[in-house]
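1. here is a sequence together with a model predicted from it:
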Amino acid sequence: MMARYQVIIGYDGTAFSGMQRQANADTVQGAVENALRQIGWQGSSLLAAGRTDAGVHAAGQVVAFDLDWQHPLIDLQNALNANLPPEISVRDVRQAPPEFHPRFDALSRTYEYRIITEPTRNPLRERYAWRVWPQPEHALLQTCAGLLIGEHDFAAFGTSPIEGGATIRNVYRSEWQFSGSEIRYLVCANAFLYHMVRRMVFLQVEIALGKAEIETLTAALADSAAGIIQGLAPAHGLVLLAVEYPPEVS
């Protein structure tokens with residue numbers, strides 16, 4: 001019997017050209033769809049909570065698909081993992097309502113950005129973090145993060161995934177955490193614009209390094225016509241941690 005499944009996947013995005021399927025490029029969506037076809041899926045395209053850029057990682061990306069599966073859910077998880085490359089893992093499988101959509105039903109998304117502050121290269125840490133030196137001023141980072149909380153027009157930080165779509169977003173959480181040479185930025189919002197988190201991180205770090213004024217941030221939030229922020233934090237420091245849903249679909 002055909003049913004809709006809600007699946008949480010994690011992936012190391014280093015070798016992929018992003019989440020969304022592309023012609024002549026290795027993508028996470030393409031790899032998951034190939035694994036599904038190996039177990040009898042006949043759909044044309046799975047649904048996903050969001051697009052992640054080339055090189056961005058995920059611990060809690062959510063996808064959905066319809067499949068006629070006559071076995072326990074753990075068997076579906078194991079079958080998919082047996083056909084996926086080692087960089088991608090199915091972390092959880094559950095049956096969802098037939099109308100469930102991982103993008104449109106989402107209440108919020110949470111991202112983490114990792115920075116390490118070391119004066120020389122650290123090959124064992126830099127695959128998943130942006131190395132920044134000298135160390136950014138912690139108090140300035142936290143001040144910047146607080147300014148980003150709330151409903152704003154984030155047009156200066158990214159573009160809508162839908163051409164001509166709205167650029168107003170509501171940020172529920174924006175904070176930096178510090179532990180030795182590691183700095184983690186956690187941000188949760190109802191939705192994000194394309195490149196929004198990476199531009200938010202870049203500008204905050206520029207301000208905390210004394211390369212930009214905090215007024216640059218406040219002006220960008222106040223004036224949607226101010227022009228887009230120039231500069232992106234590297235993709236490899238960004239992780240999609242989780243997507244949250246209302247109880248009736250999660």
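-> Looks like it arrived, so ask away.

2. which residues of this structure fall in helices?
-> Under the criterion DSSP state H, the chain carries helices at the ranges 28-38, 73-83, 138-147, 196-208, 214-222.

3. residue contacts, the closest residue to Thr14 other than its chain neighbours?
-> Distances taken as C-beta to C-beta, 6 or more residues apart in numbering place Gly55 nearest to Thr14, at 6.2 Å, with adjacent residues excluded. All C-beta atoms are positioned from the backbone trio N, CA, C, and that covers glycine. Residues near Gly55 by C-beta atoms under 8 Å, 6 or more residues apart in numbering: Gly13, Thr14, Phe16, Pro234, Ala235, His236.

4. quick one: which of those is nearest Leu193?
-> Of all the contacts of Gly55, Ala235 has the smallest distance to Leu193: 15.4 Å, by C-beta to C-beta.

5. how many residues are close by that closest one?
-> Residues contacting Ala235 under the criterion other C-beta atoms under 10 Å number 18.

6. thinking it is in contact with Gly18, fair?
-> No. Ala235 is beyond contact range of Gly18, at 9.0 Å (criterion: C-beta atoms under 8 Å).

7. need the residues touching each of those two.
-> With C-beta under 8 Å, 6+ apart as the test, Ala235 and Gly18 both reach Asp53, Ala54, Val56.

8. ok, Asp45 to Arg125 distance?
-> No, residue 45 isn't Asp; it's Ser. Between Ser45 and Arg125 the computed distance is 36 Å (C-beta to C-beta, to the nearest Å).

9. neighbour count: these two, which is higher?
-> Arg125 (14 against 10).

10. and that one, backbone torsions?
-> When quoted as degrees, to the nearest 10, the phi and psi of Arg125 stand at phi -120, psi -20.

11. now it, nearest residue through space, not along the chain?
-> Nearest residue to Arg125 in three dimensions, chain neighbours excluded: Ile116, at 5.3 Å (C-beta to C-beta, 6+ apart).

12. make a PyMOL selection of the buried ones in the contacts of Gly55.
-> This is how PyMOL selects the buried members of those, with burial counted by 16 or more other C-beta atoms under 10 Å:
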select buried, resi 13+16+234+235+236
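
13. out of the contacts of Gly55, which two are the most distant from each other?
-> Across these (C-beta to C-beta), the longest gap, 15.3 Å, separates Phe16 and Pro234.
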